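Engineer: For reference, the sequence and a predicted model appear below.
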Amino acid sequence: MKKKTSSTGGKNSCQIGKVTLKDRRTRTESSKRWLLRQLNDPYVQKAKQQGYRSRAAFKLHEIDQKFNLLKPGITVIDLGASPGGWTQVAIEKVHSKNQKGTVIGIDLQEMKPLEGALFLQGDFLDEETYQSLLQLIPSQADLVLSDMAASACGMSDIDHIRIMALLEMVYEFCLITLKPGGAMVAKVLRGGTESNLLQKLKKNFAKVVHFKPLSSRQDSSEMYVVGLGFRK
């Protein structure tokens, strides 16, 4: 593997030199494409430099810059938290390391511990997980985050149905965990939220908008639905 040098540089720059594969290891074409995309992705490199567990951290940074959701002292629940990129951003913003705010991650998979965050392994809709959550949060949450994506099959219609079903689960979770005035951020696909679910969101949130961060890959159909001003 050989990395070409780059003449660009600034502390906050996302510019990197182009990386090419030079070894003789046998890989499938799809594996090669994925690896090259990762190696040449400026946000992957930037995440490593800044100590984030995933490039997704920059998506949440952009969402927060746009909507000012993460404030010191609030309670945040991060659904599908592993590997922890969004959780890391939440910790920084709400100052949970100083015990000013509370950040709780929930995921079916294990996640390496993060200072300033509590973690529950399990299904966020299971009663057992919910009862454990109630033991951790001082009151209802101010913000529910979800960067979860349903397993893709490559058929756009089916993928859309799957992520809409997942979004509806997140919405139902918000109904029982968000405090009045709270907010929700959840992943959707291009085209946004289907009309029936969008009407439900608008009924329970004062404002519902769709937003695509610049750090989302250009060829990705992902975007985010943001619900503001939760109405119980």
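Structural biologist: Yep, that arrived.
Engineer: C-alpha only now, for contacts and for neighbours.
Structural biologist: Will do.
Engineer: Compute the distance between residue 103 and residue 42, please.
Structural biologist: Separation of residue 103 from residue 42 (Cα to Cα, to the nearest Å) stands at 28 Å.
Engineer: Same drill for these two, tell me which one is more crowded.
Structural biologist: residue 103 (28 against 18; other Cα atoms under 10 Å).
Engineer: pretty sure the more buried one is in a strand, no?
Structural biologist: Yes: checked against DSSP: H, G, I helix; E, B strand; the rest coil, residue 103 lies within a strand.
Engineer: Identify the residues contacting the spatially most central residue of the chain.
Structural biologist: The chain has residue 147 as the residue nearest its centroid, 3.2 Å off, counting by Cα atoms, centre = their mean. By Cα atoms under 8 Å, 6 or more residues apart in numbering, the residues touching residue 147 are 79, 80, 81, 186, 187.
Engineer: Out of these, the closest to residue 90 would be?
Structural biologist: Closest to residue 90 out of these is residue 81 (10.9 Å), distances taken as Cα to Cα.
Engineer: Show the pLDDT at residue 38.
Structural biologist: In the prediction, the pLDDT value recorded for residue 38 is 57.
Engineer: hang on, the earlier thing: which ones among the contacts of residue 147 are found in strands?
Structural biologist: Mapping the contacts of residue 147 onto strands (DSSP state E) picks out 79, 186, 187.
Engineer: Residue 115 belongs to a strand, doesn't it?
Structural biologist: No: remark: residue 115 does not belong to a strand; assigned using three-state DSSP, it is coil.
Engineer: Output the below-cut-off pLDDT ranges for the protein.
Structural biologist: Along the chain, the parts satisfying pLDDT under 70 run over 1-40, 150-157, 191-192.
Engineer: what's the domain layout of it?
Structural biologist: 2-40, 57-230 (automatic domain parsing).
Engineer: Take those and write them to TSV, including distance to residue 46.
Structural biologist: Converted to TSV, the domains of the chain look like this (distance: least, Cα to Cα, whole Å):
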stretch	distance to residue 46
domain 2-40	7
domain 57-230	9
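Engineer: looking at those, which is buried most?
Structural biologist: Neighbour counts averaged per stretch over the domains of the chain are highest for domain 57-230, at a mean of 18; criterion: mean count of other Cα atoms under 10 Å.
Engineer: how long is it from one end to the other?
Structural biologist: End-to-end distance for domain 57-230: 24 Å, by Cα to Cα.
Engineer: likewise stretch 148-164?
Structural biologist: End-to-end distance (Cα to Cα), stretch 148-164: 11 Å.
Engineer: Would you map the helices across the protein?
Structural biologist: 29-39, 42-50, 57-67, 85-94, 127-136, 156-177, 195-204 (DSSP state H).
Engineer: could those helices go into a markdown table alongside distance to residue 232?
Structural biologist: Converted to a markdown table, those look like this (distance: least, Cα to Cα, whole Å):
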| stretch | distance to residue 232 |
| --- | --- |
| helix 29-39 | 42 |
| helix 42-50 | 37 |
| helix 57-67 | 21 |
| helix 85-94 | 23 |
| helix 127-136 | 18 |
| helix 156-177 | 7 |
| helix 195-204 | 7 |
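Engineer: Is it correct that residue 180 is in contact with residue 205?
Structural biologist: No: the pair residue 180 / residue 205 is not scored as a contact, 9.4 Å apart, by Cα atoms under 8 Å.
Engineer: check contacts around the residue nearest to residue 227 when sequence neighbours are not counted.
Structural biologist: Take residue 227 and drop its neighbours on the chain: the residue closest to it by Cα to Cα, 6 or more residues apart in numbering is residue 208, 4.6 Å away. The contact partners of residue 208, taken as Cα under 8 Å, 6+ apart, are 201, 202, 225, 226, 227, 228.
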